[in-house]
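Chemist: Sharing a sequence plus its predicted fold:
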Amino acid sequence: MYMSVITHAPGVPVYAELAGARVLLTGVSPTSGVDLARGFADHKCRLVLQTASDAPEMTALAALMAETASDMHVFTQQLDGNEAVRFAQGPAQRFGGLDVAINLVTVDAARIAGRTTLEAIEDLVSELLLPATLMTRVIANRMRLTMTEGLILNVVTMAPAQNDAEVAFAGILRTALATITRREAESWADKTIRINAIGPRGLLEAAQGGACLTTGPDIAALALYLASRKGRQLTGHVFDAYGAACAGC
C-alpha cells in the first residue's frame, strides 16, 4: 500500500501557499495516512509524523516523504490519554507552532467485536476519540497563542459495516464525532481556528445521499483543500467517508 506514494496523482490541484506550512500528522501507518503525508510532502510542507508502527514499511515511507518535504521529523510512540496531551504540547510543536494538524483514527473491526450493549459501544467511542479531542484542544490553544489561522482535521475511518452491530457502531461514532467537531469549532471560531472532521458514513447520511470520500486520495485532496486559502471559510463540518480504511488514506 505504501508504495503508492512513488507516483503523483494526475490532475490534483496544487496550492502554492502551503509551501513551508508546519503540518502535524498523527496516527500514520503503512496503510493509513500515506496519501495525506504524500500530499503535504509534495507541497514542500514541514512535517511532523507520529506513528505507533516501527515496521520496515514505515521506515521506507518516511524516507520517501523526506525526499520531497521541506523538513520532516518522525516520532514512534503510542498516543493514549495523557500521552496525547504531552505529545501535543511537546514533540508536535517541533517547528515552534503548527498551521495544520490532522489526527488519524482507524477503527479495527476486532475492537468492535463483542461490544453488544450501548454502554460498551459508547465506552469504545469515547476511548477512540479521546486522544484526538485532547490534542485538538491543546493544539488549538497553541495556535491561539501564536495567532495562527490554523486548521485541525480529525479523520476517523473504518471498513464498511458487515453486520447490524457495526452499522450501529458507525452511527454512534459519527454522531459523537459531529458533536465534538461542532462544539470545538464554535469554541475556536473567533480565534480564526478551523475544526473539521471526516467520519464514517452512518445510515442517516447514506439515506440522504450526497458525495462520499471512498479512497485515500479523496481524503488527501479534501485535507489539502481545507488547509488552503480556498478552505478557510469552512469549519464545524463533518465529511462522510465510506470504506476509506480499506484503501488507506
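Modeler: That came in fine, so what should we check first?
Chemist: Tell me which residues touch Asn196, please.
Modeler: Counting by Cβ atoms under 8 Å, 6 or more residues apart in numbering, Asn196 touches 151-154, 181, 185, 226, 234-239. Placement of C-beta: from N, CA and C, glycine included.
Chemist: Would you confirm that Ala168 contacts Leu124?
Modeler: No. Using Cβ atoms under 8 Å, Ala168 makes no contact with Leu124, being 11.8 Å away.
Chemist: On the three-state scheme, Ala101 is what?
Modeler: In three-state terms, and counting by DSSP: H, G, I helix; E, B strand; the rest coil, Ala101 is strand.
Chemist: Please name the nearest non-neighbouring residue to it.
Modeler: Leu24 (4.4 Å; Cβ to Cβ, 6 or more residues apart in numbering).
Chemist: average pLDDT across the helix or strand harbouring the one you found?
Modeler: Using DSSP states H and E, Leu24 falls within strand 22-28. Mean pLDDT, strand 22-28: 97.
Chemist: Check stretch 113-121 too.
Modeler: Mean predicted confidence for stretch 113-121 is 85.
Chemist: can you give me the strands in the protein?
Modeler: Under the criterion DSSP state E, the chain carries strands at the ranges 22-28, 46-51, 71-76, 100-107, 151-158, 194-200, 238-241.
Chemist: I'd like those laid out as a markdown table, including distance to Met58.
Modeler: Formatted as a markdown table, the strands of the chain follow (distance: least, Cβ to Cβ, whole Å):
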| stretch | distance to Met58 |
| --- | --- |
| strand 22-28 | 8 |
| strand 46-51 | 6 |
| strand 71-76 | 8 |
| strand 100-107 | 13 |
| strand 151-158 | 18 |
| strand 194-200 | 22 |
| strand 238-241 | 23 |
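Chemist: Any idea which of these has the lowest pLDDT on average?
Modeler: Among the strands of the chain, strand 238-241 carries the lowest mean pLDDT (a mean of 92).
Chemist: Specify which residues of the chain, grouped into ranges, have pLDDT under the cut-off.
Modeler: 1-12, 202-211, 243-249 (pLDDT under 70).
Chemist: Can you list the buried residues in the longest helix belonging to it?
Modeler: For the chain, the helix with the greatest residue count under DSSP state H is helix 118-145. The neighbour-count check on helix 118-145 (16 or more other Cβ atoms under 10 Å) flags 121, 124-125, 128-129, 131-140, 142-143 as buried.
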